[in-house]
Structure formats: structure tokens, C-alpha cells
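Trainee: sequence unknown, structure follows:
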């Protein structure tokens, strides 16, 4: 009986400590920043996190992030990185919370590399 209790306790402990939620990219290093372009990397990030508010005919705060030209403008004037990092007096965006480090690194690399399309 004692061994059954011990085995049950071990299984319970293993199931509780073995399951946790983390960012897959940070855990396994699958964050690809080798060839960051607008079309393949940045536009999907913007579409998933920004255009819900900044993509309509009357975008929030008058800031449209639809298409390369609008996103490049926000990148060039510092607003894109400022809002994503909550720096320079910019409000943190997206409202749900800061993007993961992988996405932030990809955006920063895209800007450093001259905003490749």
C-alpha cells in the first residue's frame, strides 16, 4: 500500500512540474532572424498584433499600419519600436502586452537592415 501511495505521489509531482507554458521559440531557439523581410516576417507580426486597431478606414490614433509604406514610416520615425518596447514616451502596444523577444528582435533586425521588403 505504501508503494502505491509513493508511486501516486511521484506521478502527481511529475505531472505538475512537467507541464508549464513557455514560449516555444525561447525554449527551443527556433526564432529565425537570419533573413528578416517585410513580406515574410514583419507583415505577419503586424497583421497578427496591430492591424486589428490600426488597419481600418479610421485607424486608432490616426496611425495606419497597413502595408509596407505605413509600417516603414512608423519604423523610420521610431514610433514602431517605441510602442513595442514602451520607450521614448510611447504607450506599450499591442494593448494585450509586450511582444515576445523573438518578434521584437526580428523587428529590430528588420529596421537595422534597412527595412527590406
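Mentor: It's in. Predicted model, so just to flag it, every value in this text is computed and none were measured.
Trainee: contact partners for residue 107?
Mentor: Contacts for residue 107 (CB atoms under 8 Å, 6 or more residues apart in numbering) come out as 42, 45, 75, 80, 81, 84, 99. No exception for glycine: its C-beta is placed from N, CA and C like everyone else's.
Trainee: swap in residue 33?
Mentor: Applying CB under 8 Å, 6+ apart to residue 33 gives the contacts 102, 105, 106, 109.
Trainee: just how off-centre is the one helix or strand the last one maps to within its chain?
Mentor: I take that to be residue 109. Assessed by DSSP states H and E, residue 109 sits inside helix 101-112. Relative to the centre of its chain, helix 101-112 is centred 9 Å away, using CA atoms, centre = their mean, to the nearest Å.
Trainee: now the contacts of residue 33 in JSON lines, with distance to residue 61?
Mentor: As requested, the contacts of residue 33 are exported to JSON lines (distance: CB to CB, whole Å):
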{"residue": "102", "distance to residue 61": "26"}
{"residue": "105", "distance to residue 61": "25"}
{"residue": "106", "distance to residue 61": "24"}
{"residue": "109", "distance to residue 61": "26"}
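Trainee: now, of those, which are buried?
Mentor: Using 16 or more other CB atoms under 10 Å as the burial test, those include 102, 106, 109 as buried.
Trainee: so the first one is in contact with residue 36, correct?
Mentor: No - using CB atoms under 8 Å, residue 102 makes no contact with residue 36, being 10.9 Å away.
Trainee: what ranges do the helices span in the chain?
Mentor: All helices of the chain, identified by DSSP state H, fall at 2-18, 24-28, 43-49, 51-54, 67-76, 79-85, 101-112.
Trainee: other SSEs contacting the fifth one?
Mentor: The contact analysis (3 or more CB pairs under 8 Å, 6 or more residues apart in numbering; DSSP states H and E) places helix 67-76 against helix 43-49, helix 79-85, helix 101-112.
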